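**Student:** Quick one, what's the 3D model for this:
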Amino acid sequence: MRQDEKIRFGGRLPLNFKDNDLVANLKRCERPFQGKSEHVLTVFAELIEASGLERALAAQPYTILAPHNAAFARFKRPATPEALKSFVWDHVLLGRLTLGGAGSKERYTFPRDGQVRTVSGQLLKVERGGDGKWLLTSGAPGAARILETDLPFATGVFQRVDRI
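**Tutor:** Below is the predicted model:
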């Protein structure tokens, strides 16, 4: 896949990206919207770049919970570099954890109880909602829906979510 080639919503990324292509892959993800394509993960990609964690995220297998751009509508960017790094680590899980979503060749690899900790230490639970969609819950009110599952990059996968 060429560097400038678009990644369509529902499409799968090949597993042969170089270690520093996570941000490029996030920036290229698109979905159809009102007859044209819309990039959906560029804000989170820019936050990863600004945090300086791009290389760290390529060092070992991770699962990234990537919020789509609309989730950042009322988001206030962290003021310090440390707070920005913490924010990014809040969206990263150790290991390549997959949900085996529709159209995916992956199998479910989250723990049986669905409980995982982010790199920053926040406890999350992954479970199926009443409508069959995957949900992420934490101590905060409400749940984030996982909109698209098991999108691979060189050392892990990212799950596209609807909330921060």
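
**Student:** And the helix or strand of the chain with the lowest mean pLDDT, what's buried?
**Tutor:** Lowest mean confidence among the helices and strands of the chain (mean pLDDT, DSSP states H and E): strand 30-33, at a mean of 72. Within strand 30-33, the residues scored as buried using 16 or more other CB atoms under 10 Å are 30-31. Bear in mind the C-beta positions are built from the backbone N, C-alpha and C, glycine included.

**Student:** So in that sheet, which strands flank that strand, and in what orientation?
**Tutor:** If you go by DSSP bridges, strand 30-33 pairs up with strand 36-39 (antiparallel).

**Student:** quick check, distance from the strand it pairs with to the centre of its chain.
**Tutor:** With CA atoms, centre = their mean, to the nearest Å as the basis, strand 36-39 stands 18 Å off its chain's centre.

**Student:** CA atoms only: put it into CSV for me.
**Tutor:** Below are the C-alpha coordinates for strand 36-39, written out as CSV (Å, rounded to 0.1, in the frame of the first residue of the first chain):
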residue,chain,number,x,y,z
LYS,A,36,-17.5,12.3,-0.1
SER,A,37,-14.8,10.9,2.1
GLU,A,38,-14.0,12.2,5.6
HIS,A,39,-10.9,11.6,7.6
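
**Student:** Number of residues surrounding G95?
**Tutor:** Look at G95: counted by other CB atoms under 10 Å, it has 15 neighbours.

**Student:** cool, Q122 as well?
**Tutor:** So Q122, with other CB under 10 Å, has 16 neighbours.

**Student:** got the contact list for it?
**Tutor:** By CB atoms under 8 Å, 6 or more residues apart in numbering, the contact list for Q122 reads 90, 138-139.

**Student:** 10 Å instead, please
**Tutor:** Listed by CB atoms under 10 Å, 6 or more residues apart in numbering, the contact set of Q122 reads 86, 89-91, 93, 116, 138-140.

**Student:** Return the set of buried residues in stretch 49-64.
**Tutor:** For stretch 49-64, the neighbour count (16+ other CB under 10 Å) marks 51, 53-54, 56-58, 62-64 as buried.

**Student:** So for that stretch, first residue to last residue, what's the gap.
**Tutor:** Terminal residues of stretch 49-64 are spaced 14 Å apart (CA to CA, to the nearest Å).

**Student:** Report the distance from it to the chain centre.
**Tutor:** 12 Å.

**Student:** one step back: which one of the buried residues of stretch 49-64 is nearest to E82?
**Tutor:** Set against E82, the nearest of the buried residues of stretch 49-64 by CB to CB is S51 (9.5 Å).

**Student:** With that, I have no additional questions.
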